[in-house]
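Enquirer: Just need the structure, nothing else, for what follows:
(2 chains)
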Amino acid sequence: MGKIITISLVTLRESLRNRLFIGLLIFLLLFFVFSVYVSTLSLGTVARFIENTGMVGISLICLAVSILFGLFTLYQEKERNELYVILNRVPRSSYLIGRFLGTSCIIALFALFAGAGIFFLTWSFGGHYTPGLFWAVYWAVLEFTMLTAIGYLYYALAISFPLNSLMVLCTYLVGHSMNEAIQSFMGLGRFGSLWHLYLVKAISVLFPNFDMFDYRLAIVHDEAIPWTQFGLSTLYWFCYLLAVLALTSTIMNRKDM
Amino acid sequence: MAKSSTSTLKPLFLAFLAFLAAVCICYYRTTYFPLYLREEVRVVPDHRLAEILSLDHRGFLADMYFIQVSLHSGSLMWKPLKFQFDSDWAYGMMNVITDLDPKFHTAYLFSGMGLIHGLNDVKRARPILEKGMAVFPDNWELPFWIGYDHYNYLEDYETASHFLWQAFQKPNAPKAFLSMMLSALRESGDYERALAAMQVLIAGTTRESLKSVYQAKLIQLQNLAHLQKKARDFKEKFGRWPERLDDLAAKGLIDKIPQDPYGMTYRWKPDRRMVVMEPRKTTP
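Expert: From the prediction side, this is the model:
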């Protein structure tokens, strides 16, 4: 456990020292400016526009953090041959989980920055007090930690960084289209075969379903999220994450480095 | 030291010259090859495709589409006359926007307010506002705007009075549109509801002079409602509508045609099957 914490702290410290950190913060600030600019075209619904644009900002920044901090540094470590030195002292699974926890902290940090910024902008420009925005931070952390874990799985499968990034992006796109895919097949009505529907449903269950963390409209409209849905989504995240990390550890342990 | 400062200044000067040249080229380009306004490519996306494209940021995509529609509608003010409002596209987009975010209240309102550029737009706005009414059953503004548009643009008083009455029934509905609703109800021959609305208007008035005017109008509406009811009784009893109001008195349904407080005359309009009031004809 101590080794996991040490590696996660090292990951966190390295990320904070990284120039990318400042770059992403500047990107975030520019996105804040963009959200305020967009809100001027809103015909009186400033708060709503800042919230919606801000939530896109949270997603973009977390996606960038997942790929740049979560994956890129992992490959960098391998390239510099630092990985082999670490793996001589630390079990592979501890290394993996430590790195994952460190990246998750950075994701949470950025999401929190973004969430607090949008909260402040919504308050000052839109005159709307929306503490519910911090739920958007929570769901973003769940979504992008899961995506990072999937990136780690691709890493364990010895996939190169460019391909890994591309596959992570594809996973993100597919994970957000699951409900629409099922609805489309159901929309076929009598023309759609039942087997097709089962196939789509099976795929939607096997693939990460990021629609489970989509409560954005509820947040914008200040609606309470039912506790059952909250619990189910969090439980889904926990189980799926556990499964992916366990699988990744197993593959890493069996791999000939 | 001097050499070093010269070597720093030289590239800076070069950079300045290059930048100046770029600015001049840009100015020349925009002056001699001006940009012309062109018709935008306007496509109404399928709502499911839009949902997929939004990557679960449906609110954001709805906002972006909303900006596109509001800019198209608003920018006509300063665009050359050849640019026309594309109603089919705009209302198609509003449909997609409200599919993406069914609780986008401003989008529904905008369909019935800012997007009305022609008489046919009132008909296009109605299904969108009705969609909003299903989402916001307690909201008075959505039925109000259907009523308002039908009253002002189409002069369809029957539809207007139907929706204005619905708006009037909603909680927190203001009394500011009572006069318009009264007018629509009277024009459509719904005198009983008009009476109820007039009583609310009187109850909310503190000025005595206005109250006396409203009282006279209340009597007028009572007369009209009474005559309309008797005409319906006539239809029930004899299987046909009366041809004139005197028929009601002739068949014993009323004693006489009541006196109007403003000296108007009441007349039966067979084509509309309702009692109307008209100014009394004066002999020259």
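Enquirer: can we go C-alpha only for contacts and neighbour counts from here?
Expert: Fine.
Enquirer: Quick one: mean pLDDT for the one helix or strand residue B:209 maps to?
Expert: Residue B:209 is located in helix B:208-238, with elements delineated by DSSP states H and E. The average pLDDT within helix B:208-238 is 88.
Enquirer: Tell me the helix or strand right after it.
Expert: helix B:246-250.
Enquirer: what are the pairing partners of the helix or strand following that next one, and which direction each?
Expert: Downstream of helix B:246-250, the first helix or strand assigned by DSSP H and E is strand B:265-269. Next to strand B:265-269 in the sheet, as set by DSSP bridges, lie strand B:274-278 (antiparallel).
Enquirer: List the buried residues in the strand it pairs with.
Expert: B:274-277 (16 or more other CA atoms under 10 Å in any protein chain shown).
Enquirer: sorry, back to before: counting by contacts, list what the helix holding residue B:209 packs against.
Expert: helix B:191-203, helix B:246-250, strand B:274-278 (3 or more CA pairs under 8 Å, 6 or more residues apart in numbering or on different chains; DSSP states H and E).
Enquirer: Switch these over to JSON lines, and while doing so, append mean pLDDT to every line.
Expert: JSON lines is the format used below for the helices and strands packed on helix B:208-238 (pLDDT from 0 to 100):
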{"stretch": "helix B:191-203", "mean pLDDT": "87"}
{"stretch": "helix B:246-250", "mean pLDDT": "84"}
{"stretch": "strand B:274-278", "mean pLDDT": "84"}
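Enquirer: Arrange those in a markdown table, one row each, with distance to residue B:116 as further columns.
Expert: Output for those, formatted as a markdown table (distance: least, CA to CA, whole Å):
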| stretch | distance to residue B:116 |
| --- | --- |
| helix B:191-203 | 28 |
| helix B:246-250 | 44 |
| strand B:274-278 | 31 |
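Enquirer: so which of these comes closest to residue A:36?
Expert: helix B:191-203 (43.5 Å; CA to CA).
Enquirer: Distance from the closest one to the middle of the chain?
Expert: Distance of helix B:191-203 from its chain centroid, counting by CA atoms, centre = their mean, to the nearest Å, is 23 Å.
Enquirer: again with stretch B:223-240
Expert: The chain centre lies 34 Å from the centre of stretch B:223-240; the measure is CA atoms, centre = their mean.
Enquirer: Enumerate the residues of chain B near chain A.
Expert: When proximity is defined as CA under 8 Å from any CA of the partner chain, chain B approaches chain A at B:48, B:51-52, B:55-60, B:63, B:67, B:101, B:103, B:106.
Enquirer: So among these, which ones count as buried?
Expert: Neighbour counting by 16+ other CA under 10 Å classes B:48, B:51-52, B:55-60, B:63, B:67, B:101, B:103 among those as buried.
Enquirer: follow-up on the earlier one: max pairwise distance over the buried residues of strand B:274-278: which two?
Expert: The span of these, defined through CA to CA, is set by B:274 and B:277 at 10.0 Å.
Enquirer: what helices or strands is the longest helix that chain A contains leaning on?
Expert: In chain A, taking DSSP state H as the definition, the longest helix is helix A:92-126. Using 3+ CA pairs under 8 Å, 6+ apart, the elements in contact with helix A:92-126 are helix A:2-17, helix A:19-39, helix A:46-65, helix A:133-156, helix A:227-254.
Enquirer: Can you tell me which of the ones you listed is nearest to chain B?
Expert: Nearest of these to chain B, taken as CA to the nearest CA: helix A:46-65 at 4.9 Å.
Enquirer: roughly how far apart are residue A:37 and residue A:49?
Expert: Distance, residue A:37 to residue A:49, using CA to CA, to the nearest Å: 10 Å.
Enquirer: actually residue A:118, not the one I wrote
Expert: 11 Å.
Enquirer: Same question for residue A:68.
Expert: 28 Å.
Enquirer: and the two? which has more neighbours close in?
Expert: The residue with more neighbours, out of residue A:68 and residue A:49, is residue A:49; 28 against 18, by other CA atoms under 10 Å in any protein chain shown.
Enquirer: surely residue A:207 meets residue A:175?
Expert: Yes. Judged on CA atoms under 8 Å, residue A:207 makes contact with residue A:175 at a distance of 6.8 Å.
Enquirer: now the buried ones among the residues of chain B next to chain A as a markdown table including secondary structure and distance to residue B:174?
Expert: Below are these laid out as a markdown table (DSSP: H, G, I helix; E, B strand; the rest coil; distance: CA to CA, whole Å):
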| residue | secondary structure | distance to residue B:174 |
| --- | --- | --- |
| B:48 | helix | 38 |
| B:51 | helix | 37 |
| B:52 | helix | 40 |
| B:55 | coil | 40 |
| B:56 | coil | 37 |
| B:57 | coil | 35 |
| B:58 | helix | 33 |
| B:59 | helix | 30 |
| B:60 | helix | 32 |
| B:63 | helix | 29 |
| B:67 | helix | 29 |
| B:101 | coil | 27 |
| B:103 | coil | 22 |
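Enquirer: At the contact with chain B, which residues of chain A appear?
Expert: Residues of chain A lying near chain B (CA under 8 Å from any CA): A:41-42, A:45, A:49, A:52-53, A:55-56, A:173, A:176-177, A:180, A:184, A:211, A:214, A:216-217, A:221.
Enquirer: Burial check on the closest residue in space to residue A:129 that isn't next to it in sequence, number of neighbours?
Expert: Closest residue to residue A:129 apart from its sequence neighbours, by CA to CA, 6 or more residues apart in numbering or on different chains: residue A:123 at 5.3 Å. For residue A:123, the neighbour count with other CA under 10 Å is 16.
Enquirer: And residue A:145, by the same measure?
Expert: Neighbours around residue A:145, by other CA under 10 Å: 25.
Enquirer: hang on, isn't it packed against residue A:106?
Expert: No. Under the criterion of CA under 8 Å, residue A:145 is not in contact with residue A:106, lying 10.0 Å apart.
Enquirer: which parts of stretch A:100-117 are buried?
Expert: A:100-108, A:110-117.
Enquirer: what does stretch A:163-179 give?
Expert: A:164-165, A:167-169, A:171-179.
Enquirer: now do stretch B:193-213
Expert: Buried, per 16+ other CA under 10 Å, within stretch B:193-213: B:193-195, B:197-198, B:201-202, B:211.
Enquirer: In the stretch 1-150 of chain B, what residue spans correspond to helices?
Expert: B:2-32, B:47-53, B:58-74, B:87-100, B:105-112, B:119-135, B:141-149 (DSSP state H, counting those that start in this stretch).
Enquirer: who does the fourth one touch, helix- and strand-wise?
Expert: If I follow you right, that is helix B:87-100. For helix B:87-100, the elements it packs on are helix B:47-53, helix B:58-74, helix B:105-112, helix B:119-135, judged by 3+ CA pairs under 8 Å, 6+ apart.
Enquirer: Same list (those helices) but as JSON lines, adding mean pLDDT and distance to residue A:81.
Expert: Below are these laid out as JSON lines (pLDDT from 0 to 100; distance: least, CA to CA, whole Å):
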{"stretch": "helix B:47-53", "mean pLDDT": "85", "distance to residue A:81": "40"}
{"stretch": "helix B:58-74", "mean pLDDT": "91", "distance to residue A:81": "43"}
{"stretch": "helix B:105-112", "mean pLDDT": "93", "distance to residue A:81": "57"}
{"stretch": "helix B:119-135", "mean pLDDT": "94", "distance to residue A:81": "60"}
